[in-house]
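**Q** below is the sequence, then the predicted model.
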Amino acid sequence: MALVVGTLLRALRTLRLSAPAGASGRLSVPQPVLSPLWRRTCPFRTVHVSSAVCAGHNKWSKVKHIKGPTDAARAKLFLRFRLLIKVAVREGGPNPAFNVNLAQILEQCKRKSMPKASIDEAINSVGKTKPLLQHNYCVQGPGGCLLLVEVMTDCTSHTTHEIKRVVFKNGGNMTDKNRNVFEQKFVVVVPGQDVTSERALELAIEAGAEDVQNTEDEEEKPQLKFFCAEADLHKVRGSLEGLGMQIEFAGSEYFPRSCVSLDDDQMEAAAVLIEALNNNPDVLQVWDNIQADS
């Protein structure tokens, strides 16, 4: 029987608090296997007693001629870091010692081996360019799938024109009526290598997270995502660091409330559209509601 992770975490907290202080035996708790992001049954994140899915699983693996929307992931990641650095510097200044958001972004840049010259250029360019604004566009793609396109730009009219051009050229349509399909959540992401499902649950309990989930990064390396309220983000991050975990990201992401399945042709068309959107330098991220086992 599938259990919602948040409920399980609360139950485990209760069990820990109620365990006798002098108990000699270990507390016996279920040891479920966490379901990775793209293997869950939408819209719920559940814990399944089943074999763990290999880290290399990718929902784009059936697309024969396109590796997926992550082909240029490294270059795209650096571009995103440049934009985020500029926003952080504008909001809190160029000194990471007094700018927590900037310090966090710089940590991520170093872990991903972003060249120091590129980091310094992004910091020093602030004030020489126009202010950046963030926008989201909702797109309907092949097979009725929905995409949420997150952009950061200094020229909204130009970016909107380019997004529309790419969408129409690749068989999609702009829409606003289904924007609520995506829900913004706050997460702290850490490497998932060599972390068992039991240990992941323990970390979530000790850090005060509401939920935990297995997933993969853009290079298909295993990760753990710890979910929490926005107000608890800094506390959960600090707790995980105190528990010896390396923080890869802490902030907000978008997750679909419901998913759709696509056939092979629709899957390939969706990959082409997402890849084309990601090639736009103003696009930070493209979120989708495509079922993993399409």
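**A** Thanks, I have it.

**Q** hey, let's count contacts and neighbours off CA atoms from now on
**A** Noted.

**Q** other SSEs contacting the strand or helix carrying Ile163?
**A** Using DSSP states H and E, the element containing Ile163 is helix 156-169. When contacts are defined as 3 or more C-alpha pairs under 8 Å, 6 or more residues apart in numbering; DSSP states H and E, helix 156-169 packs onto strand 173-174, helix 264-278.

**Q** average model confidence for the first one?
**A** Predicted confidence along strand 173-174 averages 95 (mean pLDDT).

**Q** got the contact list for that strand?
**A** Residues outside strand 173-174 that contact it (C-alpha atoms under 8 Å, 6 or more residues apart in numbering) are Tyr137, Cys138, Val139, Gln140, Gly141, Lys164, Val167.

**Q** can you get me a residue count around the residue lying closest to the fifth one once chain neighbours are set aside?
**A** In this case it means Gly141. Leaving aside its sequence neighbours, Gly141 sits nearest to Gly172 (C-alpha to C-alpha, 6 or more residues apart in numbering; 4.6 Å). A count of nearby residues for Gly172, using other C-alpha atoms under 10 Å, gives 23.

**Q** torsion angles phi and psi at Gly172?
**A** phi -110, psi 180 (degrees, to the nearest 10).

**Q** measure it to Val166 for me?
**A** 8 Å (C-alpha to C-alpha, to the nearest Å).

**Q** overlap in contacts, the two.
**A** Jointly contacting Gly172 and Val166 under the rule C-alpha under 8 Å, 6+ apart are Leu273.

**Q** Val167 reaches Glu275, doesn't it?
**A** No. With contact defined as C-alpha atoms under 8 Å, Val167 does not count as touching Glu275 (10.9 Å).

**Q** check the secondary structure at the residue nearest the centre of the chain for me.
**A** Nearest to the mean C-alpha position of the chain, by C-alpha atoms, centre = their mean, lies Glu253 at 5.1 Å. Each residue gets one of three states, and Glu253 gets strand by DSSP: H, G, I helix; E, B strand; the rest coil.

**Q** so which residues of the protein form helices?
**A** 5-18, 73-92, 100-111, 116-124, 156-169, 197-207, 233-242, 264-278 (DSSP state H).

**Q** do you know which of those lies nearest Lys225?
**A** Distance to Lys225, taken as C-alpha to C-alpha, is lowest for helix 197-207 among these, at 9.5 Å.

**Q** quick one: that closest one to helix 233-242, angle?
**A** For helix 197-207 against helix 233-242, the angle by axes from the mean of the first three to the mean of the last three C-alpha atoms, to 10 degrees is 130 degrees.

**Q** show me which residues of helix 197-207 are buried.
**A** Ser197, Ala200, Leu201, Leu203, Ala204, Ile205, Ala207 (16 or more other C-alpha atoms under 10 Å).

**Q** save those as JSON lines, and put in distance to Ser118 and pLDDT too.
**A** Converted to JSON lines, the buried residues of helix 197-207 look like this (distance: C-alpha to C-alpha, whole Å; pLDDT from 0 to 100):
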{"residue": "Ser197", "distance to Ser118": "38", "pLDDT": "88"}
{"residue": "Ala200", "distance to Ser118": "35", "pLDDT": "92"}
{"residue": "Leu201", "distance to Ser118": "38", "pLDDT": "92"}
{"residue": "Leu203", "distance to Ser118": "35", "pLDDT": "94"}
{"residue": "Ala204", "distance to Ser118": "35", "pLDDT": "93"}
{"residue": "Ile205", "distance to Ser118": "38", "pLDDT": "93"}
{"residue": "Ala207", "distance to Ser118": "34", "pLDDT": "94"}
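
**Q** how far off helix 264-278 does the helix holding Ile163 point, in degrees?
**A** Helix 156-169 and helix 264-278 meet at an angle of 160 degrees, taking the same axes, to 10 degrees as the criterion.

**Q** buried residues in helix 156-169?
**A** Within helix 156-169, the residues that qualify as buried are Thr156, Thr159, Ile163, Lys164, Val166, Val167, counting by 16+ other C-alpha under 10 Å.

**Q** same deal with stretch 88-98?
**A** Under the neighbour-count criterion of 16+ other C-alpha under 10 Å, stretch 88-98 has Ala88, Val89, Arg90, Gly93, Pro94, Pro96 buried.

**Q** now tabulate the residues you listed in TSV and tack on distance to Cys228 and pLDDT.
**A** Shown next, in TSV, are those (distance: C-alpha to C-alpha, whole Å; pLDDT from 0 to 100):
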residue	distance to Cys228	pLDDT
Ala88	22	87
Val89	26	89
Arg90	27	85
Gly93	27	90
Pro94	28	91
Pro96	25	90
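
**Q** identify, from the residues you listed, the entry nearest to Lys221.
**A** The shortest approach to Lys221 among the buried residues of stretch 88-98 belongs to Ala88, at 27.2 Å (C-alpha to C-alpha).
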